[in-house]
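>>> Sequence and predicted structure below; questions after.
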Amino acid sequence: MMKSKKFWALLLALAMVLSLAACGGKDASSDKSGDAGPSAAAPEDQTSGGAGDEQKDSDSDLAYVQNKGTLVVGMTDFAPMDYRDANGNWIGFDADMASAFAESLGVKVEFQEITWDYKVMELDAKSIDCVWNGMTLNDEVKAAMDTGNAYCLNAQVLVVPADKAADFESLTSLEGLNVAVESGSAGEDAAEALGASTTAVAKQADALMEVSAGTADAAVIDLLMAGAMIGEGTNYANLTYTVNLNTAQGLESEEYGVGFRKGSDLVAAWNDFWSAAIVDGSVLETGTTYGVQESLILE
């Protein structure tokens, strides 16, 4: 009986020890969890903060451009704004000012020739960072992009064979005419508004080729381009321009602007750059180089 009592006493003691050990383990685990709470929260906060910073950078076009080191400019061959020199380098009023803007951001400029109809798609896909190509600020453009302040005035004009110019001078309608236009351009809109049957081509320069070859009765292009590319001393000495389509429609002159992605902080950077370039005289100097000084908006 004594042995039995001793056995049960030992068994009870052992049970108490195991119970205390279990309780101690639970408390230790709770303490560890409590200590880990703040230290675990800190990395989580840091991760969250880092993601926030990363998100902030991803929302900034300026940071994006500066991080990759290039400003990719979407444009077309459009003298005197963008065209290649004898060495194949892009020059022109827009090209030169785009290079200066890129320099002000601390990056290199890269020119990418685009199909004009796809300019918004290229911009949103980040294939390009801006559209800078004598772009008319119409409602469609303003709905699809954020744009900088207008920098140049323009109009749409009818280009015809010089020996037939007298037949077109008094026109107020383009009905019955086959008119070559750049697809997706302000010239296409103007020609169609005046009743023309239009032949869409990839570039305004191609529209001139259609008239010169006799495959179109006329073309509608930007006044600034007409002044640089047709008439005496050009490759299209046999062409001239007559009707101002803005006047024919009772519209004011068009305005050119640079387009950026919606919400882009490059817009503010561009406006600051342009204001400074007007003050230091570089806008007027560059405009005079390419013969567009009379069309510049210097305010």
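Arrived safely.
>>> Could you pull up the contacting residues of the most centrally placed residue in the chain?
When the chain is reduced to its mean C-alpha position, the nearest residue by C-alpha atoms, centre = their mean turns out to be C130, at 2.4 Å. With contacts defined as C-beta atoms under 8 Å, 6 or more residues apart in numbering, C130 is in contact with L71, V72, V73, G74, A98, L123, V258, G259, F260, L266, W270. In this view, the C-beta of every residue, glycine as well, is placed from N, C-alpha and C.
>>> and what of A237?
With contact set as C-beta under 8 Å, 6+ apart, A237 has these partners: A162, I230, G231.
>>> buried ones in stretch 255-262?
E255, Y256, G257, V258, G259, F260, R261 (16 or more other C-beta atoms under 10 Å).
>>> wait, doesn't the second one sit right on V131?
No - using C-beta atoms under 8 Å as the test, Y256 is too far from V131 to be in contact (10.8 Å).
>>> sorry, back to before: report the beta-bridge partners for the residue nearest to the centre of the chain.
V73 (DSSP bridges).
>>> Can you dump the C-alpha atoms of the host helix or strand of E285 in CSV for me?
Take DSSP states H and E as the rule and E285 turns out to sit in helix 282-289. What follows is the C-alpha trace of helix 282-289 in CSV, where atoms were taken according to Å, rounded to 0.1, in the frame of the first residue of the first chain:
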residue,chain,number,x,y,z
SER,A,282,16.4,80.3,-78.2
VAL,A,283,12.8,79.7,-79.4
LEU,A,284,13.0,82.8,-81.7
GLU,A,285,16.5,81.9,-82.8
THR,A,286,15.6,78.4,-83.8
GLY,A,287,12.3,79.5,-85.4
THR,A,288,14.3,82.0,-87.6
THR,A,289,16.7,79.2,-88.6
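>>> What is the distance between stretch 272-281 and the centre of its chain?
Between the mean C-alpha point of stretch 272-281 and the mean C-alpha point of its chain there is a distance of 20 Å (C-alpha atoms, centre = their mean, to the nearest Å).
>>> Next, the buried residues of it.
F273, W274, A277, I278.
>>> re earlier: make a markdown table out of the buried residues of stretch 255-262 and add secondary structure, distance to T147 and pLDDT.
Shown next, in a markdown table, are the buried residues of stretch 255-262 (DSSP: H, G, I helix; E, B strand; the rest coil; distance: C-beta to C-beta, whole Å; pLDDT from 0 to 100):
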| residue | secondary structure | distance to T147 | pLDDT |
| --- | --- | --- | --- |
| E255 | strand | 10 | 96 |
| Y256 | strand | 10 | 97 |
| G257 | strand | 4 | 98 |
| V258 | strand | 6 | 98 |
| G259 | strand | 5 | 98 |
| F260 | strand | 7 | 98 |
| R261 | coil | 11 | 97 |
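>>> Which parts of the stretch 51-200 of the chain are helices?
Remark: helices of the stretch 51-200 of the chain, listed N- to C-terminal, are 61-68, 93-105, 119-124, 139-144, 186-193; assignment by DSSP state H, counting those that start in this stretch.
>>> surely D117 meets V181?
No - contact status for D117 versus V181: not in contact, 11.8 Å apart, counting by C-beta under 8 Å.
>>> between those two, who's got more neighbours?
Comparing D117 with V181 by other C-beta atoms under 10 Å, the one with more neighbours is V181, at 28 against 14.
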